[in-house]
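Enquirer: I would like to see how this sequence folds:
(2 chains)
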Amino acid sequence: MAQARAALLFSVVHMLGCEGAATGKEEILPPATNDRPIVGILSQEQSFYLHSKYPEENYTSYIAASYVKDVEASGARVVPILIGKPRSYYEELLKKLNGVLLPGGATYFNQSNGYADAGQYIYEIAMKMNDAGDYFPIFGTCLGFELLIILASGRGEPENRIRCYSYSNMPLDFTPDFRNSKMFAEAPDELVDILANEEVTVNAHQFCIVDKNLNAFNLTKDWQVTSYSDDDFDVQFIATIEHTRYPFYGVQFHPEKNSFEWKLSKKYPHSYSAIKANRYFMDFFVNECRRNVHTFANAAEENKYAIYNYEAKFTGVLGSQHHECYFFEPRGLKN
Amino acid sequence: MVKLKYTEYTRVYIIIEVLTIALMWCVGIEFASIIMIVYLKTVFVASAVFLFSCCDGETAIQSEHIKMNERPIIGILSQEQDYRLKDKYSQENFMSYISASYVKSVEASGARVLPIFIGKSRNYYKELMSKINGVLYPGGNTWFNQSDGYADAGQHIYEIAQEFNDAGDYFPLFGTCLGFELFVIMASGKDRPENRVHCVAIGNYPLMFTEDYRSSKLFNQISKKSADLLEKENSTVHHHQFCIVDENLERYNLTKDWRVSSHSMDNQGKKFISSIEHRRYPFYGVQFHPEKPAFEWNKKNKYLRSRDAIDAQRYFMDFFVEECKRNSHKFIDEKEETDSLIYNYKPYYTGAQGAYFTQCYFFEPQMGH
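Expert: Residues are numbered from 1 along each chain as shown, chains lettered A, B, ... in the order given. Reported below is the predicted structural model:
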C-alpha cells in the first residue's frame, strides 16, 4: 500500500515536473562541458583614424584588444577571423571554433569583402550548424548587434536601422519577461540591479535598432528583446536581444570597455559594480561556447591560429579610443 | 536628488502649516498668538533642518575620504629570467620576465599594469611606488638568496610600503605563491634562515577556511557561491615545493601581525597555509595561483575552468584592485604614465614553444653578456 502510494506520488510529481518543463520554453541545451573553449573574433576594415597612424603598413583589418581581453577573462582563448576571404575559409574555421564574437566598430555594411560580408558568411554557416544540431553561438556587440538584425532583415537597402545619437553611459530598461530569456534567465539579482539602476553600460553608436525595425521585417517572432535604453535625445532603442531558436545574442552597448578601455575623455565607468555587471555578458557567452565541442586537429594547429601570434600595438598612446589593437595583413605602400 | 527631497519636504511643511493656521483660526485662537506659535515653530524647524543637514554634510565628507580611485595602476614585480625560458631565448639573454597571466588577471579586474624591474636602487622603487596604487608579487621559481633579484626588490618594496602605510598613505601589496612566501620570510627577518618548509604541492586543492575567515579583510565580501566552490572543489591551483605552515608563524612570533584565513593539504597530507593577511597593513598573500585557470593553457595542467570556477578565482584580483582603488597616487602627467605602462612591451607566445606559461613579457635583454 505504502509502495503504491509512493509510486502514485512519484508519478504525479514526475508529470508536474514534465509540465513545468513544457510550459517554459526550455529546450535541452548541450551541457557546458568544453572547458578549453576557443572563440573567434571577427576583424574589420582598418579604421580611418588608425590607418593615418600606420600608413606605411597599410593594414587590411584590425581588432581592438579589449574584445580579446574580455573573452580571455571569461576563460576562453581567442582566434582572429580575417575579412575578405572566400566562404570556404569561414566554413573551415568555424568547424574548429566554439563560437564567434562580432565586435563593434565603425565600418559600413555596403562595402564588399569586409566585415559585413564575412559576418554574413558566419551568420549563414552558424545557422546551418545549429539546424544540424551542432550548437554554435554568436555574440554581436554594438555594430555586430546591428549587423545581426540587418542580416536577419535580408541586408537590403535601405538598411534596417535608424540614425540616432547615443554616446552616454546608460542603465538598461528590462522588458517584463526579460528573465524568460537565455541571456538573463540565470543572471544574479545583484548584477541585474546594477544594470537596471546604474549608468554602467557604455554606448557609442550613431545607429540604433528600434521596435519598428523589428516590426517592419517581421522579426519579433525570431528575436526577443530583453532590454532598452534611451539615446541622448530620448529615442528608445533596443539594448539587448537574442534569437529565440539559435544561440545568437546581441548587445548595443560595449561590455568590454569598462575593464579594458582607458581613454580619459570617454569617461567609461570603471567602478567595481560597472565591471562586475558588464563582464556578465562574456561570462554568459563563453559559457554558451562551452556547449560546443569543435576542436582544432591538434595543439600545433591551435597554436598556429591563436591570437597570441600577433602583437597588440599600444594605440592609446597615439590618441586612439582603443587602448590596444591587433592589426592584420599589412598591404604595404602601393605604387 | 537631495534638492528634490528638500523641496518636497518644504511643500509638505507649508501645507501642514497652512492647515494648522486655518485650524487655530477656526478654534478661535487670537491672531497675535497664532503668529507667535508659527514663528516659534519655524525657528525650531529651521534649526532642526540646519543641524540635520550639517550632519548629513559631515557623513558626505567622511565617505569622500575613501573616494575610490577609479583609474588604478598596479605594479607587477618582475623576476630573474626563468631557467626554463633562458634556453629558449638564449640569444636575447633577458634579465627578467613577468608571466602575462598576472597582467591579464589584474587588467580583468579593472586596473592597468606597469612592470617593476629587478636589480634597481631603492630610490627607483620608492619613486615608482609614489606614483602607483599597489604592487603584486607574482609566483615563480627564483631563489631568495640571490642578490639584486626578486627578493631584494621585494624587500625594498615591502619596506617602502610599510613606510607609506605608517604615514597614513594606504598602499596595498598582494603576494601570489612565491610572493606570499616572500612576505612571510621578510616578516621573519631577512638575515635569519628562510622561514618555510619543503613540501610537495603540485595539484588542485580545496581551501580549508579557518573558523573566522569571514571576518578577515580578504574574504569579507566573497559571495557564498564562490566560497562554497573554493571550499568544496579542487579549485585552487598549487605549484610549489615550499610551504608556510602554522609552526613557521609561531616560531617567529608572527601570529600577532599575520592572520591565517585558510589552509590546504599538500600531496602528502601536510597542512599548509593557503591564504593570509597582515592585521594592520593592507598586505595579502595566497599560496595558490588565481591567475592560472582563466589565462594559462598548457595542456599538461588541468584546471577547474567552469564558469563558476573562473568567477571564484577572479575574486582575489577583484579584491586587490578594490584595495588599490583606495590609494590616490598618480603620475605627474599622462605622458609619464603611458611611458611606464606594460603596453609598451609585447608578450612572447611562449606557450607555442611548449613553455609552462602561455605568454610572457621579457625585460632588459643583455645581448652578448
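
Enquirer: Ramachandran coordinates for the residue positioned nearest the centre of chain B?
Expert: In chain B, the centroid-proximal residue (CA atoms, centre = their mean) is residue B:320; its distance is 1.5 Å. Per-residue torsions, residue B:320: phi -70, psi -40 (degrees, to the nearest 10).

Enquirer: I figured it hits residue B:174, correct?
Expert: Yes - judged on CB atoms under 8 Å, residue B:320 makes contact with residue B:174 at a distance of 4.4 Å. Just so you know, the C-beta spots here come from the backbone N, C-alpha and C atoms, and that holds for glycine as well.

Enquirer: Common neighbours of these two, please.
Expert: Residues within reach of residue B:320 and of residue B:174 at once, by CB atoms under 8 Å, 6 or more residues apart in numbering or on different chains, are B:134, B:136, B:284.

Enquirer: could you pull out the helices for the stretch 1-150 of chain A?
Expert: For the stretch 1-150 of chain A, the helices defined by DSSP state H, counting those that start in this stretch occupy A:2-23, A:48-53, A:65-73, A:87-94, A:115-131, A:143-152.

Enquirer: From the contact counts, what lies against the last one?
Expert: Under the contact criterion of 3 or more CB pairs under 8 Å, 6 or more residues apart in numbering or on different chains; DSSP states H and E, the helices and strands touching helix A:143-152 comprise strand A:100-102, helix A:115-131, strand A:138-141, strand A:205-208, strand A:236-243, strand A:248-251.

Enquirer: same thing with the third one?
Expert: Where contact means 3+ CB pairs under 8 Å, 6+ apart, helix A:65-73 is packed against strand A:38-42, strand A:77-81, helix A:257-260, helix A:272-289, strand A:325-330, helix B:100-107, helix B:292-295.

Enquirer: What mean pLDDT does the second one get?
Expert: Meaning strand A:77-81. Strand A:77-81 carries an average pLDDT of 98.

Enquirer: what's in contact with the helix or strand hosting residue B:248?
Expert: Per DSSP states H and E: residue B:248 is located in helix B:246-251. For helix B:246-251, the external contacting residues (CB under 8 Å, 6+ apart) are B:184, B:188, B:195-197, B:254-255, B:258, B:260, B:271, B:273.

Enquirer: what's near enough to touch the residue nearest to residue A:149 when sequence neighbours are not counted?
Expert: Excluding its sequence neighbours, the residue lying closest to residue A:149 (CB to CB, 6 or more residues apart in numbering or on different chains) is residue A:209, at 5.1 Å. Applying CB under 8 Å, 6+ apart to residue A:209 gives the contacts A:145-146, A:149, A:160-162, A:237-238, A:241, A:252.

Enquirer: mind redoing it with 7 Å?
Expert: A:146, A:149, A:161, A:237-238 (CB atoms under 7 Å, 6 or more residues apart in numbering or on different chains).

Enquirer: Contact residues of the stretch 201-350 of chain B facing chain A?
Expert: With the criterion set to CB under 7 Å from any CB of the partner chain, the stretch 201-350 of chain B comes near chain A through B:293-295, B:297, B:299, B:305-307, B:310-311, B:318, B:322, B:338, B:343-344, B:346, B:349.

Enquirer: how about stretch B:162-182, does it get close to chain A?
Expert: No - for a cut-off given as CB under 7 Å from any CB, stretch B:162-182 has no contacts with chain A; the smallest distance is 14.7 Å.

Enquirer: And the residue in the stretch 1-150 of chain B positioned nearest to chain A, what's its pLDDT?
Expert: Nearest residue of the stretch 1-150 of chain B to chain A, counting by CB to the nearest CB: residue B:108, 3.7 Å away. Looking at residue B:108, its pLDDT stands at 98.

Enquirer: Now for it, how many residues are close by?
Expert: 25 (other CB atoms under 10 Å in any protein chain shown).

Enquirer: residue contacts, the nearest residue to it once chain neighbours are set aside?
Expert: Excluding the flanking residues, the one nearest residue B:108 by CB to CB, 6+ apart is residue A:73, at 3.7 Å. Taking CB under 7 Å, 6+ apart as the criterion, residue A:73 is in contact with A:279, A:282, B:104, B:108, B:294.

Enquirer: Just put the residues you listed in JSON lines and tack on distance to residue A:288.
Expert: Listed next are the contacts of residue A:73 as JSON lines, based on distance: CB to CB, whole Å:
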{"residue": "A:279", "distance to residue A:288": "15"}
{"residue": "A:282", "distance to residue A:288": "10"}
{"residue": "B:104", "distance to residue A:288": "22"}
{"residue": "B:108", "distance to residue A:288": "19"}
{"residue": "B:294", "distance to residue A:288": "17"}
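
Enquirer: about what we covered before: next one: the residue of the stretch 1-150 of chain B closest to chain A from residue B:33, what distance?
Expert: 70 Å (CB to CB, to the nearest Å).

Enquirer: State the phi and psi torsions of the closest residue to residue B:81 other than its chain neighbours.
Expert: Of all residues not flanking residue B:81 in the chain, residue B:94 sits nearest, at 4.9 Å (CB to CB, 6+ apart). Dihedral pair for residue B:94: phi -70, psi 150, per degrees, to the nearest 10.

Enquirer: Give me the number of neighbouring residues for residue B:94.
Expert: Around residue B:94 there are 23 residues (other CB under 10 Å).

Enquirer: shouldn't it be in contact with residue B:365?
Expert: Yes - at 5.4 Å, residue B:94 counts as touching residue B:365 under the criterion of CB atoms under 7 Å.
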